[in-house]
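In: sequence first, then the predicted structure:
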Amino acid sequence: METLNKDEYNLRKKELLLKIKHGAVFIYPTDTIYGIGGNALKQETVHKIREAKDRYTRPFSVIAPSVEWIKENCELPEGAQVWLNKLPGPYTLILKLKNKDALDIDVNSGMETVGVRIPDHWCKDVAAELNMPIITTSANVTTKEFMTSSKDLDINIRNKTDFMIDEGELKGHPSTLIDLTKEKVDIKERKK
């Protein structure tokens, strides 16, 4: 796995975006913690991430390329606009997926819902510049501590990742889940 800082990423951005588009799995900083992701339209990429995390059934969230993408591909119940107005931010909105072709079926394990994020961080530009959803899930093996620094990187994740953008230690915690699929909005803070 190749490790780059943000400046190195920016120098090679065109090449690296093309790699992501074609299926590269990468680790990146967000406004919360480090994520692992890749093209949410490519089944092979989804399977690589599932294998790295040892997570085979639970759905993944995506970084949406834009709020417009969310509006086009997800059902927006009454009150959803309030949460869309808070994006970018440290939230994962759980919404019903209305366009089943917007993601590979294995991203959300065939469920009718999907978690969507637009982080308040430059990492959101990856999805925006590619104009496609990017899988976003914590860069850790399931049930183990989430990653806030490259020193926390599990060897299993490292061995299944093409490259990492290292931005040093992050001081966040996983995004807050906002489930908009229920009659009453369900908010879940995730500190650890």
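Out: Cool, the structure landed.
In: and the strands in this structure?
Out: Ranges of strands in the chain, per DSSP state E, are 2-4, 26-28, 35-37, 61-63, 74-75, 91-97, 113-117, 134-138, 163-165, 176-179, 186-188.
In: quick one: which of these is nearest T45?
Out: Closest of these to T45 is strand 134-138, at 7.2 Å (criterion: Cβ to Cβ). Bear in mind the C-beta positions are built from the backbone N, C-alpha and C, glycine included.
In: could you identify the longest helix within this structure?
Out: Secondary structure assigned by DSSP state H gives helix 43-53 as the longest helix of the chain.
In: angle of that one against strand 134-138?
Out: Counting by axes from the mean of the first three to the mean of the last three Cα atoms, to 10 degrees, helix 43-53 points 10 degrees away from the direction of strand 134-138.
In: which other helices and strands contact helix 43-53?
Out: Applying 3 or more Cβ pairs under 8 Å, 6 or more residues apart in numbering; DSSP states H and E, one finds that helix 43-53 contacts strand 35-37, strand 134-138, helix 155-159.
In: re earlier: let me know which of the strands of the chain is the nearest to K144.
Out: Comparing the strands of the chain against K144 with Cβ to Cβ, the closest turns out to be strand 134-138 (9.4 Å).
In: low-confidence ranges, the protein, go.
Out: Residue ranges of the chain with pLDDT under 70: 191-192.
In: and the residue nearest the centre of it?
Out: T136 (1.4 Å; Cα atoms, centre = their mean).
In: next, work out how far apart that residue and N5 are.
Out: For T136, the distance to N5 (Cβ to Cβ, to the nearest Å) stands at 20 Å.
In: the residue most distant from the middle of the protein, which is it?
Out: Farthest out in the chain is E183, which, by Cα atoms, centre = their mean, sits 25.7 Å from the centre.
In: okay, now V67: neighbour count?
Out: Per other Cβ atoms under 10 Å, the neighbour tally for V67 reads 15.
In: from what I can see it touches W83, true?
Out: No: taking Cβ atoms under 8 Å as the definition, V67 is not a contact partner of W83, at 10.5 Å.
In: list the contacts of stretch 11-29.
Out: With Cβ atoms under 8 Å, 6 or more residues apart in numbering as the test, stretch 11-29 has contacts from 4, 9, 34-39, 42, 44-45, 48-49, 52, 121, 123, 126, 129-130, 132, 134, 139, 147, 153, 157, 160-167, 170.
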